[in-house]
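Student: please work out how this folds:
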Amino acid sequence: MSESALGTGSPVRAYNEWDPLEEVIVGTVDGAHFPPYDTVTAAPLSPQQRQVFRERAGQPFPADEIAAARDELDQLVEILKNHGVRVRRPDPRDHGQQFGAPGWTSTGLYDAMPRDLLLVVGEHIIEAPMAWRSRYFASSAYRPLLKEYFRAGARWSAAPRPELSDELYVEDWTDQPEGEPFRSVITEFEPTFDAADFIRCGRDIFAQRSHVTNMMGIEWVRRLIGDDYRVHVVELADDHPMHIDASLMPLAPGKLLIHPDRVPEVPSQFKDWEVREAPSPVIPDGHPLYMTSKWINMNVLMLDETHMLVEAQDRPMHELAESWGITPVPCPFRAFNSFGGSFHCATTDVRRRGELRSYL
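Tutor: Prediction:
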């Protein structure tokens, strides 16, 4: 390929969670299925959610719920476009098809959450090696976009393809008794991580070890991105950890939103920041949440330092934003919440207008 065909500048550039958003990938719920039931899938879930996953393993998500979530994603896309953001989407796939590798087979999950599998650090877009077998080919729907970004000048890396053999999983894993140290369902057999277990604050990146992210995975990211960045591992009081962005969310320079129970000690790097606890969720008890808790209300997306996407019915979060000098941008998203995420999960910010700097 000629040098001109590869492009000169990078279309990918994002250093934090709040610089003005210029381009974003938004996921799709079409073709979503419950994955096969196994211990690693069950580990981050509540007992009630595990029962649903066990009973519906391999089945499609309810068609009416997919339709409602699709409608909300379309509304999100329109809001983003109206704010001048370029929106990209993956092509829907059928996740009921079987696939596998030596020693195991699986069917898929969905292409709803690009934040889980694509980590943007500066001009570098990184594919995560996910620990769930059902997400082994999760990046495939986004490959056309990744190739386009690469041809235009972006750096594109994929972590070592995991084997996902039985050695990665703790054979006798059970929920640990309250008060005991966290015991992950995955071992250090090979690097695995979900991109959503990382959060960016310029030169400082915060990561958590979880039921899908191990220390080898965090260390792999640290070595890949190099000395321009400082990767900090945070300890959160979460019984079923999976993704940091419903526990610790930097909204703008000097403004940190935290879960009231999961952050017993704010990381020392934020000592000069104003820290506020997220308001209690208002999602009704009867609303289905197959893969997350009600604290998905924390999973907001900043359009810039003063505009925040907020679920339309979440009045307490609207009020918190306003009290902090941030304009809430409401969008219905409760149907999408059922699938395990909110605005931050449903998107990967490809480009934000800003430069690399230290905020801490």
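Student: use CA for all of it now, contacts and neighbours both
Tutor: Will do.
Student: just checking, residue 149 touches residue 12?
Tutor: Yes - the pair residue 149 / residue 12 is scored as a contact, 7.0 Å apart, by Cα atoms under 8 Å.
Student: which of the two has more neighbours?
Tutor: Each of residue 149 and residue 12 has its neighbours counted (other Cα atoms under 10 Å); residue 12 has more, 26 against 21.
Student: ok, now how distant is the more buried one from residue 121?
Tutor: 9 Å (Cα to Cα, to the nearest Å).
Student: got it, and residue 32?
Tutor: In terms of Cα to Cα, residue 32 sits 28 Å off from residue 121.
Student: now swap in residue 203 and tell me
Tutor: In terms of Cα to Cα, residue 203 sits 10 Å off from residue 121.
Student: shared neighbours, those two?
Tutor: Residues touching both residue 203 and residue 121 (Cα atoms under 8 Å, 6 or more residues apart in numbering) are residue 15.
Student: quick one: which of these two has more around it?
Tutor: residue 121 (24 against 19).
Student: can you confirm the more buried one is in a helix?
Tutor: No - remark: residue 121 does not belong to a helix; assigned using DSSP: H, G, I helix; E, B strand; the rest coil, it is strand.
Student: that one: what's it in contact with?
Tutor: Contacts of residue 121 (Cα under 8 Å, 6+ apart): 13, 14, 15, 200, 225.
Student: helices of the chain, start to end?
Tutor: Secondary structure of the chain (DSSP state H): helices at 3-6, 39-42, 47-56, 63-82, 114-117, 143-151, 215-225, 315-323, 334-337.
Student: okay if I get those helices as CSV plus mean pLDDT?
Tutor: Listed next are the helices of the chain as CSV, based on pLDDT from 0 to 100:
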stretch, mean pLDDT
helix 3-6, 39
helix 39-42, 96
helix 47-56, 96
helix 63-82, 98
helix 114-117, 98
helix 143-151, 98
helix 215-225, 98
helix 315-323, 98
helix 334-337, 98
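Student: out of those, which is the most enclosed?
Tutor: Mean neighbour count, computed with mean count of other Cα atoms under 10 Å, is highest for helix 114-117 among those, reaching a mean of 26.
Student: what is the neighbour count of the closest residue to residue 32 other than its chain neighbours?
Tutor: Leaving aside its chain neighbours, residue 32 sits nearest to residue 110 (4.5 Å; criterion: Cα to Cα, 6 or more residues apart in numbering). Residue 110 has 27 neighbours, counted by other Cα under 10 Å.
Student: now do residue 110 against residue 340, distance only.
Tutor: Taking Cα to Cα, one finds residue 110 at 11 Å from residue 340.
Student: same thing with residue 278?
Tutor: For residue 278, the distance to residue 340 - Cα to Cα - is 18 Å.
Student: these two - which one has more neighbours?
Tutor: Neighbours were counted for residue 278 and for residue 340 using other Cα under 10 Å; residue 278 has more, 22 against 18.
Student: residues touching the more buried one, list them.
Tutor: The contact partners of residue 278, by Cα under 8 Å, 6+ apart, come to 257, 258, 259, 260, 298, 317.
Student: among those, who's most crowded?
Tutor: Going by other Cα under 10 Å, residue 298 tops the contacts of residue 278 with 27 neighbours.
Student: ok, now which ones touch it?
Tutor: Here residue 298 is in contact with 245, 246, 247, 249, 257, 259, 278 (Cα under 8 Å, 6+ apart).
Student: same deal with residue 142?
Tutor: Going by Cα under 8 Å, 6+ apart, residue 142 touches 90, 91.
Student: make it 7 Å
Tutor: Neighbouring residues of residue 142 by Cα atoms under 7 Å, 6 or more residues apart in numbering: residue 90.
Student: next one: it, what pLDDT does it get?
Tutor: Looking at residue 142, its pLDDT stands at 97.
Student: would you confirm that residue 352 contacts residue 20?
Tutor: Yes - assessed by Cα atoms under 7 Å, residue 352 is found in contact with residue 20 at 5.2 Å.
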